[in-house]
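Peer 1: with the input below, show me the fold.
(one chain, ligands or ions: 2)
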Amino acid sequence: MITVGVAGKGGTGKTTVCALTIVALKRAGKRPLLAVDADPSSMLCEVLGVLAPPSLVSLVDEVGRSFDKLPQGMDKSRYLEYRIREAVSENRDFDVLLMGRTEGPGCYCYANHLLRDHLDRLEKNYQFVVIDNEAGLEHLSRRTTRQLDLLLLTTITSRTSLLSVERILEMVNDRNLDIRVGKVCLVVNEMAGNSLPSLAEKFSLPSFRLPVDREILTRSEKGQGLMDLPDDSPALVSIKDNLLPILNSLVN
Ligand SMILES: Nc1ncnc2c1ncn2[C@@H]1O[C@H](COP(=O)(O)OP(=O)(O)O)[C@@H](O)[C@H]1O
Ligand SMILES: [Mg+2]
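Peer 2: Ligands and ions are numbered 1, 2, ... in the order given. Prediction:
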């Protein structure tokens, strides 16, 4: 299993990059694929053009509440595992998991603990797991698998989005948070201009550019998904040329 996480300031292209990564992996014949939407306000399902499954948070909430009412002898862990499988929406080319909002009405610590376990096991069934994060890496610090083989940091050419990158890198390097990241790569989204900002150089990270893609803009306005994006769509071409080789090198 190779885990790829995408983080960066809101509006810098995280969800777009996640969706394009799934499209590129699918077209390269890679499978099975899991897309994880870990951004409570994300639109990953819409951008992928699939129906959103029930979120894991709502499921854990519900299961946690019903633990008291389970028939005697019914194993709680088994029950949750069974319900989690229900939460994975299986599409033709990839599966989707929706994390959901974390602030629930109660804290079901036991259910949450079980969830982590099952989630770890579930993810191992996939060749690639692509995670759309909230702006920072907050959710990652809550995950058991605080491990990413590749972290993609999206940024536009603005100072504030580069500062977000800086903050995320600090989290990654903070030993107390115990986040383990194999490789980090900067994705410079050119949608707001294309002069590579000087701050980017200071990170001395590998980077690639994501060109402005009119087709993606149009589809976004119409609420259309990206799964059937033309092969020569510039942003998709960039993901294929720059990201797939990195992903392939991680597999080998
Ligand atoms: N390279 C690009 N070319 C054209 N439109 C883009 C590009 N990158 C992002 N967008 C558009 O910009 C908006 C924000 O992108 P999104 O991926 O949702 O950002 P985030 O997930 O970081 O908030 C979306 O409407 C998306 O379609
Ligand atoms: Mg998003």
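Peer 1: tell me the secondary structure for residue 85?
Peer 2: helix (DSSP: H, G, I helix; E, B strand; the rest coil).
Peer 1: got the contact list for it?
Peer 2: Residues near residue 85 by C-beta atoms under 8 Å, 6 or more residues apart in numbering: residue 122. Where you see a C-beta, it was placed from the backbone N, CA and C, and this is true even at glycine.
Peer 1: start to end distance for stretch 4-14?
Peer 2: Start to finish, the residues bounding stretch 4-14 are 12 Å apart (C-alpha to C-alpha, to the nearest Å).
Peer 1: quick one: that stretch near ligand 1?
Peer 2: Yes. Residues of stretch 4-14 contacting ligand 1 under C-beta under 6 Å from any ligand atom: 8, 10, 11, 12, 13, 14.
Peer 1: apart from its neighbours in sequence, what residue is nearest the last one?
Peer 2: What sits nearest to residue 14 in space, not counting adjacent residues and going by C-beta to C-beta, 6 or more residues apart in numbering, is residue 6, at 4.7 Å.
Peer 1: do the third one as well
Peer 2: Spatial nearest neighbour of residue 11, chain neighbours left out: residue 156 (7.6 Å); criterion: C-beta to C-beta, 6+ apart.
Peer 1: put the alpha carbons of the strand or helix carrying residue 248 into PDB.
Peer 2: Assigned by DSSP states H and E, residue 248 belongs to helix 244-251. Extracted C-alpha coordinates of helix 244-251, given in PDB (Å, rounded to 0.1, in the frame of the first residue of the first chain):
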ATOM      1  CA  LEU A 244       3.200   9.000 -11.700                       C
ATOM      2  CA  PRO A 245       7.000   8.500 -11.900                       C
ATOM      3  CA  ILE A 246       7.300   9.400  -8.200                       C
ATOM      4  CA  LEU A 247       4.500   7.000  -7.300                       C
ATOM      5  CA  ASN A 248       6.000   4.300  -9.400                       C
ATOM      6  CA  SER A 249       9.300   4.700  -7.700                       C
ATOM      7  CA  LEU A 250       7.600   4.300  -4.300                       C
ATOM      8  CA  VAL A 251       6.200   1.000  -5.400                       C
END
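Peer 1: which residue is the nearest non-sequential neighbour of the residue in the stretch 51-200 of the chain that ligand 1 sits nearest to?
Peer 2: Closest approach between the stretch 51-200 of the chain and ligand 1, counting by C-beta to the nearest ligand atom: residue 191, at 4.3 Å. Nearest residue to residue 191, sequence neighbours excluded (C-beta to C-beta, 6+ apart): residue 212, at 5.2 Å.
Peer 1: so residue 247 sits against residue 4, correct?
Peer 2: Yes. Counting by C-beta atoms under 8 Å, residue 247 does reach residue 4; the two are 7.1 Å apart.
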